[in-house]
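build the 3D model from these lines:
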Amino acid sequence: MLSNPKAPRVKRVAALVRKKERQAQGRFLVEGPQAVRELLAHRPQLAETVYATMGAEHWQFELDRLASESGVRLERVTDGVLSAMSETVHPQGVVAVARCWETPVADAVRGARLVVVMHEVRDPGNAGAVLRAADAAGADAVVFAGESIDPFHPKVVRSTTGSLFHLPVSVAATLEQATVAARSAGLTVLAADVRGADLLEARAEGVLARPVAWVFGNEARGLDEGERALADRSLKLPVYGAAESLNLATAASVLVYETAFAQRAAR
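So this is what the prediction gives:
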């Protein structure tokens, strides 16, 4: 059992909370039983080591089995070691170290019907929630464009609750790179923007039933004129009550589900 919170190996794992270290090591941190379970079930080839405390929680038996079946190294650690490794105040008994991966944008969007592009989305909770909604709606890929947060940031990984391991996730240096790749793959690029045309009119025209890539902008400023110009159309989600607007994660969830409904109805 690994019991020294100051051991070099523990420090290397703990350092993965920093982007510079994730890039240097080519590794990232996966925290909590749900996220680790999805890693082992869907991307076991990426899992390097699982660190778990001793206990009798139901999930521990399942994770032990998944790690064994996948040939992933499992190490027992003390509560003190797990706390030193984890970014959370109250870790849930298990963390894993996984290898970062890169999916080229062109590969991620090839053959897709529904893609989500986040441009300069900075909040990890928002980014994770949008990715999770995209997964739930059956999206084919998610792209982090421009100066968006790192998809392997621990808070992003946690907030996806495992959806990070369910679909292709790519990083594009610029929004233009993402939109060009999407359009080349036959997708209509739609920008979500409060200055756009009415969503319901576009839905009635059958726009949402086509292969679509939705672009969502920064939480505070949205998309500027030049960024909107990279899309084929800008659409807005109507607000019927007195609320000024919807937050990014809520608006994205509604829009990707509206698109999923339209695409399935058209089959």
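
make it CA atoms for all contacts and neighbour counts henceforth
Fine.

convert the C-alpha atoms of the lowest-mean-pLDDT helix or strand in the chain to CSV, please.
Across the helices and strands of the chain, mean pLDDT, DSSP states H and E gives its lowest value to helix 58-70, namely a mean of 91. The C-alpha coordinates for helix 58-70 follow below in CSV (Å, rounded to 0.1, in the frame of the first residue of the first chain):
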residue,chain,number,x,y,z
HIS,A,58,-20.1,-1.2,-4.1
TRP,A,59,-18.2,0.7,-6.8
GLN,A,60,-14.8,-0.6,-5.5
PHE,A,61,-15.6,-4.2,-6.5
GLU,A,62,-16.7,-3.1,-9.9
LEU,A,63,-13.6,-0.9,-10.5
ASP,A,64,-11.4,-3.7,-9.3
ARG,A,65,-13.0,-6.0,-11.8
LEU,A,66,-12.8,-3.5,-14.7
ALA,A,67,-9.1,-2.7,-13.9
SER,A,68,-8.3,-6.4,-13.8
GLU,A,69,-10.1,-7.2,-17.1
SER,A,70,-8.4,-4.3,-18.8
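
got the contact list for that helix?
Helix 58-70 has contacts (Cα atoms under 8 Å, 6 or more residues apart in numbering) with 33, 36-37, 40-41, 44-45, 50, 73-74.

what does stretch 100-107 give?
26-28, 46, 143, 152, 168-172, 178, 181-182, 185.

run the chain-centre distance for it.
Distance of stretch 100-107 from its chain centroid, counting by Cα atoms, centre = their mean, to the nearest Å, is 13 Å.

quick one: end-to-end distance for it.
17 Å (Cα to Cα, to the nearest Å).

buried stuff in that stretch?
With burial defined by 16 or more other Cα atoms under 10 Å, the residues of stretch 100-107 counted as buried are 100, 105-106.

distance of the nearest residue to Ala209 once chain neighbours are set aside relative to Val157?
Nearest residue to Ala209, sequence neighbours excluded (Cα to Cα, 6 or more residues apart in numbering): Gln263, at 4.2 Å. Distance, Gln263 to Val157, using Cα to Cα: 28 Å.

between these two, which has more neighbouring residues?
Legend: neighbour count by other Cα atoms under 10 Å for Gln263 and Val157, higher for Val157 (25 against 19).

re earlier: name the nearest of the contacts of stretch 100-107 relative to Ala213.
Ala182 (6.6 Å; Cα to Cα).

in the chain, which spans are strands?
27-31, 47-52, 73-76, 94-99, 114-119, 141-145, 169-172, 188-198, 212-216, 233-236 (DSSP state E).

how about a markdown table for the ones you listed, with distance to Gly206 added?
What follows is those, written out as a markdown table (distance: least, Cα to Cα, whole Å):
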| stretch | distance to Gly206 |
| --- | --- |
| strand 27-31 | 40 |
| strand 47-52 | 42 |
| strand 73-76 | 50 |
| strand 94-99 | 41 |
| strand 114-119 | 14 |
| strand 141-145 | 22 |
| strand 169-172 | 27 |
| strand 188-198 | 12 |
| strand 212-216 | 11 |
| strand 233-236 | 13 |
